[in-house]
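Q: Coordinates for the following, if possible.
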Amino acid sequence: MKWASVVIAATLWLLLVPQAVHADVSVKVFPTYLEFTGDPGASTSQVITISNEGMDDANVSIAAGVIRSARPEDSAVTWLSTDLQHVILKQGQSQNVAVTIRIPKDAAPGGHFAALYVHASAAVSSADLGARGAGTGVGTSILSSFLITVRSPQPTDLRLEAAVVKVAPVAVGVDKLGFRVEVQNNGNVHFVPKGDLELKDLADNK
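A: Here you go, the predicted model:
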């Protein structure tokens, strides 16, 4: 599996009467990017760690959801389940969440995608609300992406096909020019584009 981590920080305002109270919620989720390859009917598990790095308690909810850029027929949302859906994390506290991936026996070969969404907001007790006045909180979300490739006994069922559809120059600084390259995935598995860019003038000189 491949993974990455990211930190999200949100400034949340509780709108109170007669004044606004500032709350600081900063949550780290690791990993935020995972790749898994398995056969139809296979299952595996992965631990996601959620850490509260803010100054205030965090009210955290966890739920599987779609990756919006993926096609609906490639969704693996129903393949994910967790042993925990809600937790309140104190300042500096971490919580492990076990995520189970179960590939259906009739899953189509190729890439399937889902995400685990972690929503965090300021945890304010009823006693605090009673002391400060009625209020509302604004939350923020971060996701951990699951990129799942279902194997097939027929190698031709997995197609890795791509095409460069657009190359556009962009300014990246004073007297510097960069290029934005758009790559289209024409296959049925995910991939990370990489390569070299070679520039030539009208005389075909590099």
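Q: Strands of the protein, residue ranges please.
A: Assigned by DSSP state E, the strands in the chain fall at 6-14, 21-30, 33-38, 43-52, 58-65, 80-82, 86-89, 94-102, 110-122, 140-150, 162-173, 176-185.
Q: weakest of those strands by average pLDDT?
A: For these, mean pLDDT drops lowest on strand 6-14, to a mean of 38.
Q: Asp24 against Asn52, yeah?
A: No. Contact status for Asp24 versus Asn52: not in contact, 10.4 Å apart, counting by CB atoms under 8 Å. In short, each C-beta sits where N, CA and C put it, glycine included.
Q: Surely Gln184 touches Pro193?
A: No. Gln184 is beyond contact range of Pro193, at 9.9 Å (criterion: CB under 8 Å).
Q: shared neighbours, these two?
A: Common contacts of Gln184 and Pro193 (CB atoms under 8 Å, 6 or more residues apart in numbering): Ala162.
Q: Quick one: residues contacting Gly65.
A: Gly65 is in contact with Val77, Ala114, Ala115, Leu116, Tyr117, Leu143, counting by CB under 8 Å, 6+ apart.
Q: no wait, Asn59
A: The contact partners of Asn59, taken as CB under 8 Å, 6+ apart, are His86, Ile88, Ala120, Ser121, Ala122, Ala123, Gly139.
Q: got the buried residues for stretch 143-157?
A: Buried residues in stretch 143-157, counted by 16 or more other CB atoms under 10 Å: Leu143, Ser144, Ser145, Phe146, Leu147, Ile148, Thr149, Val150, Arg151.
Q: Mind putting these into a markdown table with distance to Leu34?
A: Listed next are the buried residues of stretch 143-157 as a markdown table, based on distance: CB to CB, whole Å:
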| residue | distance to Leu34 |
| --- | --- |
| Leu143 | 11 |
| Ser144 | 7 |
| Ser145 | 7 |
| Phe146 | 5 |
| Leu147 | 7 |
| Ile148 | 9 |
| Thr149 | 12 |
| Val150 | 15 |
| Arg151 | 17 |
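Q: from those, which single one is nearest Lys206?
A: Each of the buried residues of stretch 143-157 was scored against Lys206 by CB to CB, and Leu147 proved nearest at 36.0 Å.
Q: who does that closest one bridge with?
A: Per DSSP bridges, the residues bridged to Leu147 are Glu35, Phe113.
Q: Test my guess that it contacts Gly111.
A: Yes. Counting by CB under 8 Å, Gly111 is a contact partner of Leu147 at 6.8 Å.
Q: Mind listing the shared neighbours of these two?
A: Here Leu147 and Gly111 have His190 as joint contacts, going by CB under 8 Å, 6+ apart.
Q: Next up, the contacts around Gly173.
A: Gly173 neighbours (CB under 8 Å, 6+ apart): none.
Q: more neighbours, Asp24 and Asn52?
A: Asn52 (24 against 15; other CB atoms under 10 Å).
Q: I'd like to know how far the nearest residue to Leu199 once chain neighbours are set aside sits from Arg68.
A: Of all residues beyond its chain neighbours, the one nearest Leu199 is Lys206 (6.8 Å), with distances taken as CB to CB, 6 or more residues apart in numbering. To Arg68, Lys206 is 40 Å away according to CB to CB, to the nearest Å.
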